[in-house]
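[1] What follows is a predicted protein model with its sequence.
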Amino acid sequence: MYLDELWKEKESLLDKEVSVHGWIRNHRPQKEFGFIDFSDGTSVKHLQIVYDKTLDNFAEVSSYHHGSSIMVTGTLKKSEGKSQDVELKASKILLLGDAPLDYPLQPKKHSLEFLRSIGYLRPRANLFQAVFRVRSRAAIAIHEYFSSNGYVYFHAPLITASDCEGAGEMFQVTTLPIEKLKGEVDYKKDFFGKKASLTVSGQLQAETFATAFSKVYTFGPTFRAENSNTKTHASEFWMIEPEIAFCDLEGDMDIMESMLKYVVADVLEHCKEEMSFLDKYQEPGLIEKLEKLVQSKFTRITHEEVITILKKADVKWEFEPKYGEDIQKEHEKYITEYFHGPVFITNWPKDIKAFYMKQNEDGKTVAAVDLEVPGAGELMGGSQREEDYDKLLKRMNELKMDTKEMEWYLNLRKYGTVVHSGFGMGFERLLIYITGVENIRDVIPYPRTPGSCDF
């Protein structure tokens with residue numbers, strides 16, 4: 001049986017024979033007996049195996065290496081040890097797959113950098129057992145939230161000819177022999193007959209479905225060819241992007257707050273052992289931080305008001321806050337501490353935001369919002385989308401965008417246009433916040449970053 005089943009049924013299994021399959025996490029053989037720290041990966045909680053010389057193959061078992069896979073049959077007993085309440089008194093232990101003495105993942109503390117270098121083995125480490133179990137549960141919670149609220153799950157294309165953000169930081173997709181290309185490229189000869197790239201966002205396509213189903217969301221991989229080596233950037237990451245028709249910016253913020261609280265509360269409920277491990281070994285106070293977020297009232301304030309608060313603060317800033325410009329990490333931290341909780345910053349300067357955002361009447365700002373949370377800074381970003389055809393066309397022309405290529409998107413404003421809004425949240429950034437793990441490379445199974453595409 002699997003350990004997750006054993007822990008659920010342990011009271012009824014006491015003094016009964018059970019068989020388990022898994023791996024040796026640690027082995028302490030003695031002259032007359034031995035102890036095996038055993039795990040099968042179905043639970044962060046390990047099982048202690050106790051064996052002695054009554055085993056027919058005692059000498060052989062005593063030589064089993066850390067990392068080996070084994071099958072154990074024995075009787076589940078109350079434990080006399082302090083670190084566990086039950087243990088398995090083995091009557092039979094068989095080796096399924098040996099691991100040599102130079103098995104890289106030895107029972108000692110390893111650096112995160114080293115564990116990344118053995119990415120195919122690091123899921124076996126205790127930290128990553130907890131992190132990736134939380135990742136799995138958080139993904140389930142996201143789907144459950146939207147499903148229970150009547151959203152249609154929309155699968156956005158991964159290959160696209162549209163640059164949603166307008167930044168041009170896209171991975172190109174081609175079948176042309178790039179090693180032989182010289183001069184100007186004739187994309188009519190390429191696979192799609194035009195220049196194509198990996199998507200940076202499914203938002204634009206999701207808007208088309210929102211104008212058919214009213215409430216939709218995407219949850220899938222996105223790609224950015226951004227040469228950034230920070231702890232919060234990766235070239236491949238997952239995004240959650242809802243789009244909602246007949247919804248303005250205020251309604252958008254209601255959904256952002258509701259979804260975040262739902263997912264965090266769900267993880268706290270369903271991943272108690274994982275979160276206790278992370279609270280103890282990764283970020284002391286983590287559970288308290290998350291419980292506080294679930295109970296918090298999210299402040300709503302404009303970008304202009306934020307700059308005013310920052311300018312009046314008795315702080316020597318590394319980057320001076322300025323009206324009409326973006327805010328920095330130090331500013332985000334101050335604002336969440338100032339309001340003692342999460343903060344929605346709205347009505348951002350038009351010139352630093354994307355072309356599709358609703359233009360406010362002042363002509364200077366757009367109906368955009370960023371959510372700042374204590375200890376992490378920006379966690380989500382959203383906006384009311386511009387539903388006015390003429391205003392959107394004018395803005396795209398100002399930015400010298402190819403309006404012919406984007407005619408399908410503009411046409412949404414001609415054919416039954418409606419007020420609509422949406423937001424995006426990087427899944428890995430959410431996981432950084434929930435797990436307390438600081439580097440995005442350690443909350444995604446196989447990170448893709450500049451100069452790194454291993455495994």
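    In hand now; what should we look at?
[2] Name the SS class of residue 49, please.
    strand (DSSP: H, G, I helix; E, B strand; the rest coil).
[3] how near is it to residue 82?
    Using C-beta to C-beta, to the nearest Å, residue 49 is found at 17 Å from residue 82. For every residue, glycine as well, the C-beta is placed using N, CA and C.
[4] Looking at the two, which has the bigger crowd around it?
    More neighbours surround residue 49 than the other of residue 49 and residue 82, with 23 against 6 (other C-beta atoms under 10 Å).
[5] Provide a list of residues in contact with the more buried one.
    35-38, 72, 74, 87-88, 90, 93 (C-beta atoms under 8 Å, 6 or more residues apart in numbering).
[6] Same check on residue 5?
    residue 42.
[7] That one is in what secondary structure piece?
    helix 3-8 (DSSP states H and E).
[8] Going by neighbour count, which residues in that helix are buried?
    Residues 3, 6-7 are the ones in helix 3-8 that count as buried (16 or more other C-beta atoms under 10 Å).
[9] any idea how far it is from the chain center?
    27 Å (C-alpha atoms, centre = their mean, to the nearest Å).
[10] Now tell me what touches the next helix or strand after that helix from outside.
    Using DSSP H and E, the next helix or strand after helix 3-8 towards the C-terminus is helix 10-13. Under the contact criterion C-beta under 8 Å, 6+ apart, helix 10-13 has outside partners 6, 76, 85-86.
[11] cool, stretch 394-414 as well?
    161-162, 166, 204, 207-208, 211, 355, 359, 386-389, 392-393.
[12] so how far does it reach from one end to the other?
    Using C-alpha to C-alpha, to the nearest Å, one end of stretch 394-414 lies 15 Å from the other.
[13] buried stuff in it?
    395-396, 406, 409, 412-413.
[14] ok, the buried residues of helix 3-8 vs residue 451, which is closest?
    Closest approach between these and residue 451, by C-beta to C-beta: residue 3, at 38.7 Å.
[15] Excluding chain neighbours, give the residue nearest to that closest one in space.
    residue 43 (4.6 Å; C-beta to C-beta, 6 or more residues apart in numbering).
[16] For the helix or strand hosting residue 212, list the C-alpha coordinates in CSV.
    Assigned by DSSP H and E, residue 212 belongs to helix 203-213. Only the C-alpha atoms of helix 203-213 are listed here, as CSV (Å, rounded to 0.1, in the frame of the first residue of the first chain):
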residue,chain,number,x,y,z
GLN,A,203,-5.1,37.4,-22.9
LEU,A,204,-6.0,38.7,-26.4
GLN,A,205,-7.4,35.3,-27.5
ALA,A,206,-9.2,34.9,-24.1
GLU,A,207,-11.0,38.2,-24.8
THR,A,208,-12.6,36.6,-27.9
PHE,A,209,-14.0,33.8,-25.8
ALA,A,210,-15.1,36.2,-23.0
THR,A,211,-17.3,38.0,-25.6
ALA,A,212,-18.9,34.6,-26.3
PHE,A,213,-19.0,32.9,-22.9
